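> Below are the sequence and a predicted model; questions follow.
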Amino acid sequence: MRNVLIVARKEVQEGLRNRWVLATTLLLAALALSLTFLGSAPTGNVGVRALDVVIVSLSSLTIFLLPLIALLISHDAIVGEMERGTMLLLLSYPIARWQVLLGKFAGHLAILAFATLLGYGAAAAALAITGSAIDAESWVAFGSMVGSSIMLGAIFIAVGYLVSALVGNRGTAAGIAIGIWLLFVLIYDMALLGILVVDQGQTVSGSVLNALLLLNPTDVYRLFNLTGFANVSSFSGMAGVAQGVTLSLPVLLAALAAWTLVPLALAALAFSRREL
């Protein structure tokens with residue numbers, strides 16, 4: 001455990017030195033505050049709670065932004081250090097490869113979690129300071145959104161490690177990482193929508209749709225935040241989906257955890273078999 005913490009501290013220090021922590025935090029805070037004040041402006045006229053609108057806006061932002069940030073900081077975690085020769089030096093110490101990978105994961109996740117908590121927390125704090133009415137149900141939904149956002153980041157950090165453990169150079173890793181981001185964030189949902197339109201409910205049953213949604217972590221995240229809480233789903237545009245999809249919150253949380261653990265385990269296996 002001590003070795004894992006040492007590697008994690010090293011990754012955090014490198015993130016501070018390379019301005020990753022500062023840049024990510026400022027970006028998330030700026031976008032969150034912009035969405036907060038622009039998106040919640042009309043809520044007083046339509047009787048919608050401001051924090052619920054912020055949850056919907058930030059959930060949409062998270063799906064596009066956090067996976068990209070996670071892949072950017074993780075895609076060269078292994079292959080990059082191997083190209084620079086620092087991985088060989090690191091493994092010359094009494095430390096196992098799985099400890100290196102787990103330490104890197106803990107460090108990168110700490111960076112992403114800190115930026116998410118501070119950035120999104122600034123949005124909630126701004127609403128509270130302005131005197132917006134926020135009830136306990138909205139706070140629970142907001143806390144769940146922040147927590148699941150960190151889990152979504154963890155998923156794509158693990159996926160980035162898997163790519164980094166399999167490819168031979170940083171350029172290839174970067175290209176594959178961008179392709180993965182496009183697939184899960186844009187292409188998959190467009191293809192699924194096209195299938196549903198063509199099928200017209202003849203072949204794709206509810207259980208098949210549930211399985212297809214579980215195959216995309218961004219869809220799992222979207223369902224968890226936009227259909228899991230009645231105060232949010234009622235005006236998020238997904239109330240109909242919430243009635244048609246039978247996936248419960250524990251199932252969605254388990255899917256997010258599985259999407260993290262499976263790629264991380266595969267990355268550890270690939271790294272353990274790779275020659276330096």
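Received the coordinates, thanks.

> what residue ranges in the stretch 1-150 of the chain score low on pLDDT?
39-49, 131-133 (pLDDT under 70).

> Surely Met151 touches Ala254?
No. Met151 lies out of contact with Ala254 (C-beta atoms under 8 Å); the separation is 11.1 Å. Heads up, the C-betas are built off the backbone N, CA and C, glycines and all.

> who's more crowded, the two?
Met151 (21 against 14; other C-beta atoms under 10 Å).

> Tell me the confidence at Tyr221?
Tyr221 carries a pLDDT value of 93.

> Could you report the neighbour count for it?
Using other C-beta under 10 Å, Tyr221 has 25 neighbouring residues.

> And for Gln202?
Residues within reach of Gln202, counting by other C-beta under 10 Å, total 7.

> Specify the local secondary structure of it.
coil (DSSP: H, G, I helix; E, B strand; the rest coil).

> Tell me how far it lies from Ser74.
41 Å (C-beta to C-beta, to the nearest Å).

> which residues in the stretch 51-200 of the chain form helices?
Secondary structure of the stretch 51-200 of the chain (DSSP state H, counting those that start in this stretch): helices at 79-84, 86-91, 97-129, 136-166, 170-182, 188-199.

> Could you tell me the per-residue confidence at the residue nearest to Val204 when sequence neighbours are not counted?
Once flanking residues are discounted, Val204 sits nearest to Leu196: 6.2 Å by C-beta to C-beta, 6 or more residues apart in numbering. On the pLDDT scale, Leu196 is placed at 79.

> And for Asn231?
56.

> okay but Val220 is in contact with Ala258, surely?
No. Judged on C-beta under 8 Å, Val220 makes no contact with Ala258 at a distance of 9.5 Å.

> More neighbours: the two, which one.
Val220 (25 against 14).

> Next one: that one from Leu22, what distance?
Counting by C-beta to C-beta - Val220 and Leu22 are separated by 30 Å.

> And for Leu209?
Leu209 is 42 Å from Leu22, by C-beta to C-beta.

> So which of the two has more stuff around it?
With neighbours defined as other C-beta under 10 Å, Leu209 and Leu22 compare such that Leu209 has more, 20 against 12.

> Check which helix or strand that one maps to.
If you go by DSSP states H and E, Leu209 is part of helix 206-214.

> Just the CA trace of the next helix or strand after that helix, in PDB.
Proceeding N to C from helix 206-214, the next assigned helix or strand is helix 217-226, under DSSP H and E. Provided in PDB are the C-alpha atoms of helix 217-226 (Å, rounded to 0.1, in the frame of the first residue of the first chain):
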ATOM      1  CA  PRO A 217     -20.800   4.100 -19.700                       C
ATOM      2  CA  THR A 218     -21.900   7.600 -20.800                       C
ATOM      3  CA  ASP A 219     -25.400   6.300 -21.200                       C
ATOM      4  CA  VAL A 220     -25.300   4.600 -17.800                       C
ATOM      5  CA  TYR A 221     -24.200   7.900 -16.300                       C
ATOM      6  CA  ARG A 222     -27.000   9.800 -18.200                       C
ATOM      7  CA  LEU A 223     -29.600   7.400 -17.000                       C
ATOM      8  CA  PHE A 224     -28.400   7.500 -13.400                       C
ATOM      9  CA  ASN A 225     -28.500  11.300 -13.200                       C
ATOM     10  CA  LEU A 226     -31.400  12.200 -15.500                       C
END
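
> which of the residues in helix 217-226 are buried?
Residues 217-226 are the ones in helix 217-226 that count as buried (16 or more other C-beta atoms under 10 Å).

> And that helix, how far out from the chain middle?
10 Å (C-alpha atoms, centre = their mean, to the nearest Å).

> same thing with stretch 165-179?
The answer for stretch 165-179 is 19 Å, by C-alpha atoms, centre = their mean.

> swap in stretch 69-82?
16 Å.

> which residues make contact with it from outside it?
15, 20, 24, 87-88, 90, 101, 104, 108, 111-112, 115, 152-161, 163-165, 167-170, 173-174, 176-178, 180-181, 267, 271, 274, 276 (C-beta atoms under 8 Å, 6 or more residues apart in numbering).

> Let's see the PyMOL selection covering just the buried ones among those.
Of those, the buried ones go into a single PyMOL selection, burial set by 16+ other C-beta under 10 Å:
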select buried, resi 15+20+24+87+101+104+108+111+112+115+152+153+154+155+156+157+158+159+160+161+163+164+165+167+170+173+174+176+177+180+181+267+271
